[in-house]
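Student: fold the stuff below for me.
(chains A and B)
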Amino acid sequence: MAYKIKSAECTVCGACEAECPNIAISLKKGTYVIDPAKCTECQGQFDSPQCAAVCPADCCVPA
Amino acid sequence: MSNVVSLDSIFGLGELAPPATMPAAPEAASGCSSSSCGLSDGPADMDPAVWEKVKNHPCYSEEAHHYFARMHVAVAPACNIQCNYCNRKYDCSNESRPGVVSEKLTPDQALKKILAVAQEIPQLSVIGIAGPGDSLAANGRNTFATFEMLQKKAPDLKLCLSTNGLALPDHVDTIAQYNIDHVTITINMVDPEVGAQIYPWIFYKHKRWTGLDAAKILHEQQMLGLEMLTSRGILVKVNSVMIPGINDEHLLEVNKAVKSRGAFLHNIMPLISDPAHGTYFGLNGQRGPTAQELKVVQDACEGGAKLMRHCRQCRADAVGLLGEDRGEEFTADKIEAMGIVEYDDEARRSYREHVEAERAGRHASKAAAQADVRDSVGTTVDPILIAVATKGGERINEHFGHAKEFQIYEVGPGGAKFVGHRRVDQYCEGGSGDVDTLDGVLAAINDCTAVFVAKIGGCPSKSLAEAGIEPVDRFAFDYIEESALAYFKDYAERLDQGVVQSRAGQDAVIRTGALTARRA
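Tutor: Alright, predicted model coming up:
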């Protein structure tokens, strides 16, 4: 259970990285990626996955 | 280099004879000018402490924008709201509008770029962070990291930032701590019903909000942030995007609301809307205002919060005087190749001293020209608009064919004042003019009675005359305002004799598409 970033639509703005409560998002080779081992889909932390809620390109989706 | 006012062209300008090769060498431009819009008058109508803060800030002082350059560093790509007029995904080096940027920078890269630009452009006085997202989104981390380094390295540069206001109340203390004394908030509405048509969603307190809820939160945060800033003595400029049919008349309410909360300046900008930009408004056929529609709203707000009319809606990585962009000279690769740049404020200091001296003489000469018109013309003649080709320094020092924009002055019995600018495609490329481009220029200045240029060719001159716009090159290299007043005196006489006709009622097109012309 984890989210992923659709790299083709990502604008590399970094908004998701700043919001992720699990520090699961990082910049790898010019694009942001979510570490599935760390991603909790924000369950028990917030109402909805923070990356998806903040993403201006709506490219954070269930993996 | 040639599209910037070089230091040489400003030093010793008016008092010396124009260069011998005057018409052929636009780079060596020289002449005289003046200005008098909203905030140009200086200490006479302003608290001296405030004038000290704004006099060299091109975005806060209309007068300063003729002399000083700004630089935006694109360190803040993240945003916390979605606006229907914005699509930050689209990037093109020929585009010029907020939210667009070619290269995102880390704070370290930004610092290096700032130091390099400061060495090359002595007119540089302000460093701003305007995105390309929101400077305070993602906790403003990159924004404040950049300012912290900059404050230590180059203390003579003013710092400013621009924000949508959503996260502003959380950061006011930090803003004050870094001596950021200019903050711009984009406020398009004070009524959530209007806001819901502009903002599809916001991200606030770990949640995405939509509709009226979103607009209400944004509005409350904006007003709170504005009050918090002004109560700390931080100057706030409010930007509003004029969207016909959505918030055009509403902007008078916005003007009142922000004035009552202490905003220093209100900048009403036309919506930039084009399907090619991929914005919601662009794709759905929402149009931007015409030049006269914009001016009517701006004029109606005059008397409320002071209006800014010289905004160029520049890119989040713009470099140079307003109206020009030298960003291409300072790409990351080029900065990298420059190696370590040492900080040295000598050139900037001497340039600022020069401007200070020049300004002192200007105020008297403007007043004299104004008195002459008042005495000889009387008050019965309606004001007219004049388009001016200039490279800065408040002088008529650009060729018609080389102009990428025209500054618009309104001149009448009450004086001459800057009221706006019109972007155009450069008419002349590689020595010959382009007819299609000329039509675009004519549409952009169609509400003007005359166009002041340093020089103009026979063909465009004829087309202008046929369109009822008088091309005027007899004031080449002189100061703009004094020339406009002299022209107006002559115009009033000719109007009286029935030799010329008023152009009242004409409108003009605000150009929003990509600049297709190659750089000069």
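
Student: for chain B, which residues are neighbours of chain A?
Tutor: B:77-80, B:82, B:88-89, B:104, B:133, B:137-139, B:141, B:203, B:206-208 (CB under 8 Å from any CB of the partner chain). In this view, the C-beta of every residue, glycine as well, is placed from N, C-alpha and C.

Student: check the residues you listed for burial and list the buried ones.
Tutor: B:77-80, B:82, B:88, B:104, B:133, B:137-138, B:141, B:203, B:208 (16 or more other CB atoms under 10 Å in any protein chain shown).

Student: in helices, which of those residues appear?
Tutor: Among these, the ones falling in helices (DSSP state H) are B:Arg141.

Student: make JSON lines out of the buried ones among the residues of chain B next to chain A and add distance to B:His266 and pLDDT.
Tutor: Below are those laid out as JSON lines (distance: CB to CB, whole Å; pLDDT from 0 to 100):
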{"residue": "B:Pro77", "distance to B:His266": "27", "pLDDT": "87"}
{"residue": "B:Ala78", "distance to B:His266": "27", "pLDDT": "90"}
{"residue": "B:Cys79", "distance to B:His266": "23", "pLDDT": "91"}
{"residue": "B:Asn80", "distance to B:His266": "23", "pLDDT": "93"}
{"residue": "B:Gln82", "distance to B:His266": "24", "pLDDT": "92"}
{"residue": "B:Arg88", "distance to B:His266": "25", "pLDDT": "66"}
{"residue": "B:Lys104", "distance to B:His266": "30", "pLDDT": "80"}
{"residue": "B:Gly133", "distance to B:His266": "23", "pLDDT": "87"}
{"residue": "B:Ala137", "distance to B:His266": "24", "pLDDT": "92"}
{"residue": "B:Ala138", "distance to B:His266": "28", "pLDDT": "89"}
{"residue": "B:Arg141", "distance to B:His266": "30", "pLDDT": "92"}
{"residue": "B:Phe203", "distance to B:His266": "27", "pLDDT": "95"}
{"residue": "B:Arg208", "distance to B:His266": "30", "pLDDT": "95"}
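
Student: tell me if A:Val33 really is in a helix.
Tutor: No - counting by DSSP: H, G, I helix; E, B strand; the rest coil, A:Val33 is not part of a helix but strand.

Student: quick check: which element contains B:Pro471?
Tutor: If you go by DSSP states H and E, B:Pro471 is part of strand B:470-472.

Student: which pair of the buried ones among the residues of chain B next to chain A spans the longest distance?
Tutor: B:Lys104 and B:Arg208 (23.7 Å; CB to CB).

Student: the strand holding B:Pro471: partners in the sheet, and parallel or antiparallel?
Tutor: strand B:450-452 (parallel) (DSSP bridges).

Student: rewinding a little: format the buried ones among the residues of chain B next to chain A as a markdown table; extra columns: distance to A:Glu9.
Tutor: Below are those laid out as a markdown table (distance: CB to CB, whole Å):
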| residue | distance to A:Glu9 |
| --- | --- |
| B:Pro77 | 15 |
| B:Ala78 | 16 |
| B:Cys79 | 15 |
| B:Asn80 | 19 |
| B:Gln82 | 15 |
| B:Arg88 | 13 |
| B:Lys104 | 17 |
| B:Gly133 | 16 |
| B:Ala137 | 19 |
| B:Ala138 | 19 |
| B:Arg141 | 24 |
| B:Phe203 | 18 |
| B:Arg208 | 17 |
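
Student: so which of the buried ones among the residues of chain B next to chain A sit within strands?
Tutor: B:Gln82, B:Phe203, B:Arg208 (DSSP state E).

Student: what is the nearest of those residues to B:Glu398?
Tutor: Using CB to CB, those come closest to B:Glu398 at B:Gln82, 38.8 Å.

Student: pretty sure the closest one contacts B:Trp209?
Tutor: No - applying CB atoms under 8 Å, one finds B:Gln82 not in contact with B:Trp209, separated by 11.0 Å.

Student: got any residues that touch both of the two?
Tutor: Common neighbours of B:Gln82 and B:Trp209 are listed as B:Trp201, B:Ile202 (criterion: CB atoms under 8 Å, 6 or more residues apart in numbering or on different chains).

Student: report the buried residues of stretch A:13-30.
Tutor: Those buried within stretch A:13-30 under the rule 16+ other CB under 10 Å are A:Cys13, A:Gly14, A:Ala15, A:Cys16, A:Glu17, A:Ala18, A:Glu19, A:Cys20, A:Ala24, A:Ile25.

Student: give the contact list for the fifth one.
Tutor: If a contact means CB under 8 Å, 6+ apart, then A:Glu17 has A:Ile25, A:Ser26, A:Leu27, A:Tyr32, B:Ala138 as its contacts.
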